[in-house]
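Visitor: Sequence plus predicted model, see below.
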Amino acid sequence: MKSAFLRLDRITKRFRNVVAVDNVSLDVGKGEFIVLLGPSGCGKTTTLRIIAGLEIPDEGRVYIDGIDVTDLEPGDRDVAMVFQDYALYPHMSVFDNIAFPLVVRRSKLRLGKKDIEGKVLKVARMLGIDGLLDRKPTQLSGGQQQRVALARALVREPKVWLMDEPLSNLDALIRVQVRAELKKLQKDLGITTVYVTHDQIEALTLADRIAVMNKGRVLQVGSPKEVYEDPEHVFVATFIGSPPMNILECEATKETLECPGFSKPLPPDTVNLQGKLYIGIRPEHIEIVSGSINEDVVRAKVYVVEPLGAEYIVNVMVGGEIVKVKTSKELPLNPGDTTYLRINWNKVTIFDPETGRFIGKLLDVNTP
Amino acid sequence: MKRNLISKRAIRTLALNVVVWLFALAWILPFIGLITVSILPYREVIVKGWFRVPDLNSLTLNNYVEALRNPLYDLATSYRNSLIVASLSSIIPVIAAALAAYAFTNLDFRLKALLFATILFIMMVPQQLTVVPLFLLYRNLGLYDTFQGIILLHSAWGIAWVTFFLRNYFKFIPKSLVEAARVDGASEITIFYRVILPLSIPALIAALIMQFTWVWNDLFYALVFLASGDKQVITQKVVMLKGEYHVDWGLLTAGSIISMSTPLILYMVFNKYFMRGVAAWGVKR
């Protein structure tokens, strides 16, 4: 196993009675881009702040490059952080903002005025803001401010780069542009990066690995492909994907799987499935077919069709539940029409309704 | 119809103007009186009264010269004393309170809430309540009738409210600025003077001016704690311009104007900052 460059070891943080971070362990490799993804209040920002040293964990340790930094001040950890609001000093010029991390530890780093100037210019050129160095932050656009914040975080060549929703204050168009630049920059420089976001698209596009968090816990860590295709928890399944995975509450008997609106015959030797289950089907693994030509289809009623340009999200009612179907075909469907769904049963995932944990793929669980 | 509407609005504007001007006049009139009397000879004020357009030929600055120069009144020395006492009694508490306010805003320590509550409590204690024990304490400590003593006293009172005032202003500064500086390796004292102080200049100036005005205008503590003539401050001396049986109105008004000119000039010079500093106090967070 690759040794971890940044390691969180069973971190717990409570605020009064609320457990913000609950026994979180995470290993991040050198140069890796890891995204903490989750809804607001899931503990992702607190986790990031613990890495930065802005919060002290109640339990657990933080290691960076093999050193236990849990009790070190933020400034002694050799990490840099980009804040959601950029946190640029409004009274300083862009140059002074970028130079700040160097200036405040000038004596420790043994830097002269010339060295600082050189470093600031280098990083400013890299980010294309060398023409703005004399301006004040308020005279910059959001995208430019963002670059200044990135430059300030880079100028020190930190061991770990921490980012707290750095793109969320940007316009949608600029966000997509900066996102790509950010990824390129991170790959070019090879800086270990921990990035917090609630935006799954950002997570999927940027991350080498994603840690999905909910209620203070890390539910799954994996590559974007893994968390998308093999969610280990029903929360991961419903949080990632647009639209997310359809979850149906079904009941397994000996021969069949009884779901609202349809039942699916199971192979005779099914022993692992008993009682209530959640089954998960991605919208793209359902196909809308016009007629009940063969028997393995599910009858549904069209609820509404949402066009998304290149594709369509068809909302259908199956036994009182809304199921979303993604299709690239333009179908002549109107609300109220009866239609038929062909489900790709190979892709259907089963979750435990109690714990939310992944049990298996529907067609795998039968074989012991 | 439209014309009717316009005239109605015009009448309303006119009425509003009249009312506002009346109020303004009521406010300004004493000042006009003060100035008129101070630049006229005593005789003329007594004979002709002050509420009139003054005769240009009789205008004089004698009252001012007399008040400042005459060793009997010697406002010049007391003016200097007031400057020393008021400026030190504003600079010291603002520096101390800025440090305290920074701690209350950005640091975590035990009993923080209790300490802050204590400061609020101190702010509300009437000054008169403390004067007897302070007098005895000062006499024993040898601080009675000294500049150090009265500066210490005013500073102590000042620290309480300025801490409260600046803490509210500091809270207005985004916390991420402080945190960013911490992650960048700045010490707390560096963050204080490189990030927080430069961003708080309006509040610092507002606090300085308010505290300065307060100390400058103080008569009560000065009367109790400054006894000898060469140490007395201007508010004490202005009172003495009025004799027991005879009031030289010219002298008294000139003294009053000298006394109140300093805070007024300060306020006019720093008006812009003052407004910004105080305005932020009312901003909802």
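Guide: Received it, and whenever you're ready, just let me know what you need.

Visitor: What count of nearby residues applies to residue 234?
Guide: Defaulting to chain A. Using other Cβ atoms under 10 Å in any protein chain shown, residue A:234 is surrounded by 22 other residues. Bear in mind the C-beta positions are built from the backbone N, C-alpha and C, glycine included.

Visitor: look at chain B instead
Guide: 28.

Visitor: tell me the SS of residue B:254?
Guide: Using DSSP: H, G, I helix; E, B strand; the rest coil, the structure places residue B:254 in helix.

Visitor: Once you drop chain neighbours, what's closest to it?
Guide: Nearest in space to residue B:254, with sequence neighbours left out and distances taken as Cβ to Cβ, 6 or more residues apart in numbering or on different chains, is residue B:63 at 3.8 Å.

Visitor: For the stretch 101-250 of chain B, which residues are neighbours of chain A?
Guide: B:174, B:176-177, B:179-187, B:190, B:194-195, B:198-199 (Cβ under 8 Å from any Cβ of the partner chain).

Visitor: and stretch A:41-50, how far out from the chain's middle?
Guide: Average the C-alpha atoms of stretch A:41-50, do the same for its chain, and the two points are 13 Å apart (Cα atoms, centre = their mean, to the nearest Å).

Visitor: Flag every buried residue along that stretch.
Guide: A:42-50 (16 or more other Cβ atoms under 10 Å in any protein chain shown).

Visitor: for the chain, what's the longest helix?
Guide: The chain I'm using is chain A. In chain A, ranked by residue count with DSSP state H as the criterion, the top helix is helix A:172-189.

Visitor: wrong one, chain B
Guide: The longest helix of chain B (DSSP H) is helix B:2-38.

Visitor: circling back: how many neighbours does the residue nearest to residue B:254 have?
Guide: Around residue B:63 sit 25 other residues, with neighbours defined as other Cβ under 10 Å.

Visitor: Phi and psi next, for it.
Guide: The phi/psi pair for residue B:63 (degrees, to the nearest 10) reads phi -60, psi -40.

Visitor: hmm, back to that, could you list which of the buried residues of stretch A:41-50 belong to strands?
Guide: Applying DSSP state E to those, no entry is found in strands.

Visitor: now those residues in CSV, with distance to residue B:155 and pLDDT?
Guide: Conversion of those to CSV gives the following (distance: Cβ to Cβ, whole Å; pLDDT from 0 to 100):
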residue, distance to residue B:155, pLDDT
A:42, 49, 92
A:43, 46, 92
A:44, 47, 94
A:45, 42, 94
A:46, 41, 95
A:47, 45, 96
A:48, 43, 96
A:49, 38, 95
A:50, 41, 96
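
Visitor: so what's residue A:32 closest to, chain neighbours aside?
Guide: On the basis of Cβ to Cβ, 6+ apart, the spatially nearest residue to residue A:32 that is not a chain neighbour turns out to be residue A:208, at 5.0 Å.

Visitor: got the contact list for the one you found?
Guide: The neighbours of residue A:208, taking Cβ atoms under 8 Å, 6 or more residues apart in numbering or on different chains as the test, are A:32-34, A:223.

Visitor: bridging residues for residue A:298?
Guide: Residues found in beta-bridge contact with residue A:298 (criterion: DSSP bridges) are residue A:341.

Visitor: pLDDT value on it, please?
Guide: Turning to residue A:298, the model gives it a pLDDT of 85.

Visitor: In contact with it: list those residues for me.
Guide: Contact partners of residue A:298, counting by Cβ under 8 Å, 6+ apart, are A:261-262, A:318, A:340-343.

Visitor: quick one on the thing from earlier: return a ChimeraX selection command for the buried portion of the residues of the stretch 101-250 of chain B next to chain A.
Guide: Command for ChimeraX that selects the buried part of those, burial taken from 16+ other Cβ under 10 Å:
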select /B:176,177,179,180,181,182,183,184,185,186,190,194,195,199
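
Visitor: Mind checking which of the residues of the stretch 101-250 of chain B next to chain A are in helices?
Guide: Cross-referencing those with the helices (criterion: DSSP H) gives B:176-177, B:179-183, B:190, B:198-199 as the overlap.
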